[in-house]
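1. test case, fold it:
(2 chains)
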Amino acid sequence: MSYVTGLKCRECGTHYQLEPSAICEECFGPLEVSYDYESVRGVLTREAIEKRPKTLWRYRELLPLEGEPTVGLHTGCTPLVRADRLAKAIGLRELYIKNDAVCHPTLSFKDRVVAVALSKAREFGFKAVGCASTGNLANSVAANAAAAGFPAHILIPDNLEKTKVIGTQVYGAHLVPVRGNYDDVNRLCTEIAGRYPWAFVNVNLRPFYAEGSKTVGFEIAEQLGWQAPDAVVVPMAGGALITKIFKGFTEFAEIGLIPSAGTRFYGAQATGCNPISAAVKAGTRDIKPVKPSTIAKSLAIGNPADGYFAAGVISDTGGWSEDASDDEIVDSMKLLAQTEGIFAETAGGTTLAVARKLIAQGRIKSTDRVVIAITGNGLKTTEAVQLETIESIEPRLAAFEARLEKQQIAAAA
Amino acid sequence: MSQKVIIPTPLRKFTSGQETVEVNADTIADVFTQLESQYPGIKARLCETTGELRRFINVYVDGEDIRFLNQLATGVGPNAEVSIVPAIAGG
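-> Okay, the predicted model is just below:
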């Protein structure tokens, strides 16, 4: 049973039939899936949700499929970790980490959007899929397409982290590295999608794909005991995720699952690619594109098409945005690992580094209940973390004790 | 000499389904004027009534975004490839 009523332009409101189309023909604005919320209310209840398996499909009435999902059947419901040691280190009272670094199957939140997009591609009758990616989406499309039996055409900039390249190629996808940055790759994919009958998850299937990100918001609300937090800090690449977490909380409130909350949304970018945070800090929603240069390659989108909407959500909810340098990013990756045992990729370090700045600025209050969205696993961006090489020891107790003394670590009694 | 202009899917209804068309222009503004004279109505989809490029459209000359060059006054060389692409990003 589907509660989808069609597609609607986010900019001018024009309505369209449900089809693999992402762009408004009137104003070129992005299309979004719309639902019959009145009918969903009363069907998607807390009790109904709590009885369902622990996957993102527990929220299926608010996801855009007509029938049963066929891809990503074990995706979602990642841990919401109460992070007291980190909270203490950064001056907060109540902090949670939404940990998509362990999302199944490819360890990033992209598994959510791909689960929806590929299930929808099957419904539309597509025979092959594809994407443009900064890495995580490539991994996810490659893996899920292999499991679903779809050939996959995956285009990436040719300077991605080695683990992200291996983590795509190993699944047997048709991987095409491109001599350019992500914005070049995205443009090329748009041109390819206009010529070949393939389901590009973030081009022609974009409105369906994007709905998967709402489940980050749904899960946060459910895991907090059916309420939204005071503040949420979200990394911004294209700018879609932050708007979808907002949509998630809004929809839950709309159908009566959570009280209407005044959650403030805070966006995090890298200083080396900060078009959205620059706009927010300048008090505007107009994004000036930049040429990215940052170790946070997953956030290196110089012309973020959802930037206008991301800036809007931030501004409308009383939030703010900041950006972090490469050093600050790495420092925060280490802090998260060493206080909470969570190894996040560079985007995660960026989000925590920005949260720390916003706390120092007094924009996030120490008494706020805060959630930080960690979107991908650190094992995918190990190049970014330079740690000192540790010399080995001889296999002798005396050698170990000498090392222990050198480290000045008190031996356990 | 003429330049190739790559037309995105939503605009092909103006060009009778053609994916690539040809113009002979000096600047992007000139490209748009010529497109409008060959395919009436197309320019209103590309530009606001103020004449500015619409928010959700990107235009590239030989792979370079005109927002980094000279906006609509960006020059177009004799064999240039102009690409009109709706703004969709994120991946």
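
2. which residue packs closest to A:H153, ignoring adjacent ones?
-> Distances taken as CB to CB, 6 or more residues apart in numbering or on different chains put A:G130 closest to A:H153, at 3.8 Å, once the chain neighbours are dropped. Quick note: C-beta positions are derived from backbone N, CA and C, even for glycine.

3. my bad, should have said A:W320
-> What sits nearest to A:W320 in space, not counting adjacent residues and going by CB to CB, 6+ apart, is A:R363, at 4.8 Å.

4. okay, the one you found and chain B: tell me how far apart.
-> Taking CB to the nearest CB, to the nearest Å as the measure, A:R363 falls 25 Å from chain B.

5. how about that residue, phi and psi?
-> With angles defined as degrees, to the nearest 10, A:R363 sits at phi -80, psi -40.

6. could you list every residue that touches it?
-> A:Y266, A:G319, A:W320 (CB atoms under 8 Å, 6 or more residues apart in numbering or on different chains).

7. so which bits of stretch A:289-305 are buried?
-> A:289-290, A:292, A:294-305 (16 or more other CB atoms under 10 Å in any protein chain shown).

8. from these, list the ones also adjacent to chain B.
-> By CB under 8 Å from any CB of the partner chain, the members of the buried residues of stretch A:289-305 lying near chain B are A:P289, A:I301, A:N303, A:P304, A:A305.

9. the strands in the chain, which residues?
-> Chain wasn't specified; assuming chain A. All strands of chain A, identified by DSSP state E, fall at A:4-9, A:15-16, A:31-35, A:80-82, A:94-99, A:129-132, A:152-157, A:174-178, A:199-200, A:231-235, A:264-270, A:321-324, A:369-374.

10. correction: the question concerned chain B.
-> Taking DSSP E as the test, the strands found in chain B are B:3-6, B:20-23, B:57-61, B:64-65, B:81-86.

11. please tell me how far A:R187 sits from B:I84.
-> Distance, A:R187 to B:I84, using CB to CB, to the nearest Å: 10 Å.

12. joint contacts of the two?
-> By CB under 8 Å, 6+ apart, A:R187 and B:I84 have these common neighbours: B:N58.

13. is chain A contacted by the helix ranked longest in chain B?
-> For chain B, the longest helix by residue count, based on DSSP state H, is helix B:28-38. No. Under the criterion of CB under 8 Å from any CB, chain A is not reached by helix B:28-38; the shortest gap measures 14.5 Å.

14. buried stuff in that helix?
-> Within helix B:28-38, the residues that qualify as buried are B:I28, B:A29, B:D30, B:V31, B:F32, B:Q34, B:L35, B:E36, counting by 16+ other CB under 10 Å.

15. what's that helix packed up against?
-> Contacts defined by 3 or more CB pairs under 8 Å, 6 or more residues apart in numbering or on different chains; DSSP states H and E place helix B:28-38 against strand B:3-6, strand B:20-23, helix B:42-46.

16. tell me the most buried of those?
-> Comparing the helices and strands packed on helix B:28-38 by mean neighbour count (mean count of other CB atoms under 10 Å in any protein chain shown), strand B:3-6 comes out on top with a mean of 19.

17. listing partners with orientation, what would you give for that one?
-> Here strand B:3-6 is paired, per DSSP bridges, with strand B:20-23 (antiparallel), strand B:81-86 (parallel).

18. can you list the residues that contact the last one?
-> So the one you mean is strand B:81-86. Strand B:81-86 is touched from outside by A:22-23, A:28, A:187, A:190-191, B:3-8, B:10-11, B:23, B:28, B:31, B:46, B:56-63, B:76, with contacts defined as CB under 8 Å, 6+ apart.

19. which among the residues you listed end up buried?
-> For the contacts of strand B:81-86, a neighbour count by 16+ other CB under 10 Å gives the buried set as A:22-23, A:28, A:187, A:190-191, B:3, B:5-8, B:10-11, B:23, B:28, B:31, B:46, B:56-61, B:76.

20. re the thing from before, now the contacts of A:R363 as TSV including pLDDT and neighbour count?
-> Output for these, formatted as TSV (pLDDT from 0 to 100; neighbours: other CB atoms under 10 Å in any protein chain shown):
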residue	pLDDT	neighbour count
A:Y266	98	28
A:G319	98	23
A:W320	98	21
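
21. and which of those residues is nearest chain B?
-> For these, the closest approach to chain B (CB to the nearest CB) belongs to A:Y266, at 18.7 Å.

22. partners of the closest one in the sheet?
-> Residues in a beta bridge with A:Y266, per DSSP bridges, are A:V233.
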